[in-house]
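Q: Pasted the sequence and its predicted model underneath.
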Amino acid sequence: MKLSLGCIADDYTGASDLANTLTRQGLRTVQTIGVPSDDLALPEVDAVVVSLKSRSTEAGLAVTRSRAAEKWLRGRGAGHVLFKICSTFDSTDAGNIGPVMDALRTDSGDTIVLVTPAFPETGRTVYMGNLFVGPVPLNESPLKDHPLNPMHDSNLVRVLARQSKTRVGLVDLATLTRGAAAVRGRLADLAANDVGAAVIDAVFDRDLETIGGVALDHRLSVGASGIGLGIARALVASGKVKAGAAATVSEFAVGGPAGCLAGSCSQATLQQIANAEKTMAVLHLDPEQVIAGPDEVRRALAWAGERISGGPVLIASSSTPDQVQALQSRHGRDAAGHAIEQAMADIAEGLVRSGVRRLVVAGGETSGAVVDRLRIPGFLVGAEIAAGVPVLRAVGAKDGAMLLALKSGNFGGAEFFSDALKLMR
Ligand SMILES: Nc1ncnc2c1ncn2[C@@H]1O[C@H](COP(=O)(O)OP(=O)(O)OP(=O)(O)O)[C@@H](O)[C@H]1O
Ligand SMILES: O=C(O)[C@@H](O)C(=O)CO
């Protein structure tokens with residue numbers, strides 16, 4: 001297997017978002033959980049998205065894991081590697097986007113790296129280096145209240161410069177609009193001035209197509225699904241990937257009981273949970289009790305056990321920003337987050353033990369904890385539930401056939417949970 005594109009995603013929902021985008025553009029794509037072991041039978045594919053849980057870990061660990069993934073991908077022939085970050089640039093001044101980018105740039109030998117989290121289909125656009133979420137700058141969006149990576153600066157040149165050892169420059173929309181040659185010229189000027197990373201504006205998919213073509217001159221790029229779309233279209237346009245070759249994923253029904261878990265506290269998820277109350281049984285965990293010990297997990301599993309044969313259930317730890325802040329001030333941000341993630345993984349494990357084979361999970365970190373606990377080594381991409389969220393069919397799972405949907409916190413429409421289950425037969 002010789003890969004046309006290798007991808008390293010810093011969380012699992014982000015990985016399935018990217019795998020979805022690549023598949024929709026015609027690339028045969030598989031999402032793996034971590035660096036695949038040699039005995040994992042992978043189908044013939046154009047792209048592999050290695051999912052890491054490295055967005056919110058200590059930066060050194062994120063670097064080590066990302067380098068191992070890059071080595072594996074290069075070893076399978078990937079000439080270009082995309083480091084997939086969040087379309088809302090989730091990170092702190094300690095990392096991890098800058099440190100991982102720096103390390104991968106050194107390994108790849110590139111003088112300059114293109115960086116853009118733009119993903120217009122989900123309202124993420126970049127102008128003059130400033131990231132917008134829908135109509136508002138990042139720092140005015142709900143991301144300012146993110147439980148792990150609150151974003152208070154929308155200027156990505158500044159944000160990345162605080163994280164990276166290299167100088168960071170900008171390729172603005174005016175340059176991009178003049179075409180690929182103008183972008184190449186600007187990159188050459190920046191590189192000549194010792195700038196190692198260039199944030200590039202993008203507002204429309206056509207901007208990403210230009211960016212994708214230029215990115216393939218290099219061995220590394222950094223961004224969200226939008227740049228993935230651009231690169232995929234460039235690979236197809238250049239004939240390196242045969243258009244429409246994407247494998248059709250088996251559609252056989254998995255059936256049985258279905259469960260949903262929400263650990264995301266994003267505004268979008270809170271609204272989706274409120275709407276789910278109309279169509280399924282919903283249990284709101286008491287986060288304080290989750291941290292106190294295992295009884296809250298037992299209570300949740302007993303509650304689910306009484307209802308699951310009658311229809312899908314949703315179990316949520318999600319709270320409002322004020323409640324999240326209060327909990328974090330009592331227990332610490334990381335300790336609270338970790339305890340709740342592990343409780344969600346315990347609940348997922350219990351649900352699967354009781355026969356659930358269709359599972360929807362909301363939240364990147366939450367999804368990471370759940371998928372790790374279920375020891376699922378990889379996924380093939382099925383139908384698209386919402387922009388950036390596909391149905392995933394597990395490959396090589398010890399529990400046999402299984403369908404999952406891993407929803408990024410901010411993604412999906414108001415009825416996401418029922419929309420997902422309608423497609424997860
Ligand atoms: N009630 C709560 N109070 C404090 N923290 C919580 C609560 N419920 C969940 N959490 C934690 O908040 C974090 C949510 O992160 P997660 O990545 O799962 O969602 P997200 O950030 O909205 O999604 P994404 O990363 O896909 O955008 C997790 O660490 C989770 O354990
Ligand atoms: O890019 C995004 O917004 C998502 O794929 C994601 O990474 C959220 O965790």
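A: Yes, it's here. Given the structure is predicted, the values throughout are model-derived calculations rather than measurements. Numbering: from 1, shown residues only. Ligands and ions are numbered 1, 2, ... in the order given.
Q: so where is this protein shaky, pLDDT-wise?
A: Across the chain, the ranges flagged by pLDDT under 70 are 244-251.
Q: Could you rerun that using 80?
A: 1, 38-41, 243-252, 396-400 (pLDDT under 80).
Q: Any residues of it in contact with ligand 2? List them.
A: Applying CB under 6 Å from any ligand atom, we find that the chain lies next to ligand 2 at 11, 13-14, 17, 86-88, 119, 224-225, 364, 388, 408. No exception for glycine: its C-beta is placed from N, CA and C like everyone else's.
Q: Can I get the residues you listed in CSV including neighbour count and secondary structure?
A: Shown next, in CSV, are the residues of the chain next to ligand 2 (neighbours: other CB atoms under 10 Å; DSSP: H, G, I helix; E, B strand; the rest coil):
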residue, neighbour count, secondary structure
Asp11, 26, coil
Thr13, 29, helix
Gly14, 27, helix
Asp17, 31, helix
Cys86, 27, coil
Ser87, 29, coil
Thr88, 24, coil
Phe119, 29, strand
Ala224, 27, coil
Ser225, 30, helix
Gly364, 30, helix
Gly388, 24, coil
Ser408, 31, coil
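Q: Now distance to Gly305 too, for these, in TSV please.
A: Listed next are the residues of the chain next to ligand 2 as TSV, based on distance: CB to CB, whole Å:
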residue	distance to Gly305
Asp11	30
Thr13	27
Gly14	32
Asp17	32
Cys86	35
Ser87	37
Thr88	37
Phe119	39
Ala224	39
Ser225	37
Gly364	28
Gly388	32
Ser408	29
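Q: restrict the residues you listed to contacts with ligand 1.
A: Okay, of those touching ligand 1 (CB under 6 Å from any ligand atom), that's Asp11, Thr13, Gly364, Ser408.
Q: isn't the second one right next to Leu404, touching?
A: No - between Thr13 and Leu404 no contact is recorded; they are 10.5 Å apart, counting by CB atoms under 8 Å.
Q: Grab the longest strand from this structure for me.
A: The single longest strand within the chain, with elements called by DSSP state E, is strand 378-386.
Q: continuing past that one, what's the next helix or strand?
A: Per DSSP states H and E, strand 378-386 leads on to strand 389-395 as the next helix or strand towards the C-terminus.
Q: Note down every partner strand of that next one and its orientation.
A: Within its sheet, strand 389-395 is paired with strand 378-386 (antiparallel), strand 403-407 (antiparallel), according to DSSP bridges.
Q: For ligand 2, what's the nearest residue on the stretch 51-200 of the chain?
A: The nearest approach of the stretch 51-200 of the chain to ligand 2 comes at Ser87, 3.4 Å away (CB to the nearest ligand atom).
Q: got a list of what that residue touches?
A: Pro117, Ala118, Phe119, Thr122, Arg124, Ala224, Ser225, Gly226 (CB atoms under 8 Å, 6 or more residues apart in numbering).
Q: Tell me if I am right that Leu170 is in a strand.
A: Yes - according to DSSP: H, G, I helix; E, B strand; the rest coil, Leu170 belongs to a strand.
Q: All set now, cheers.
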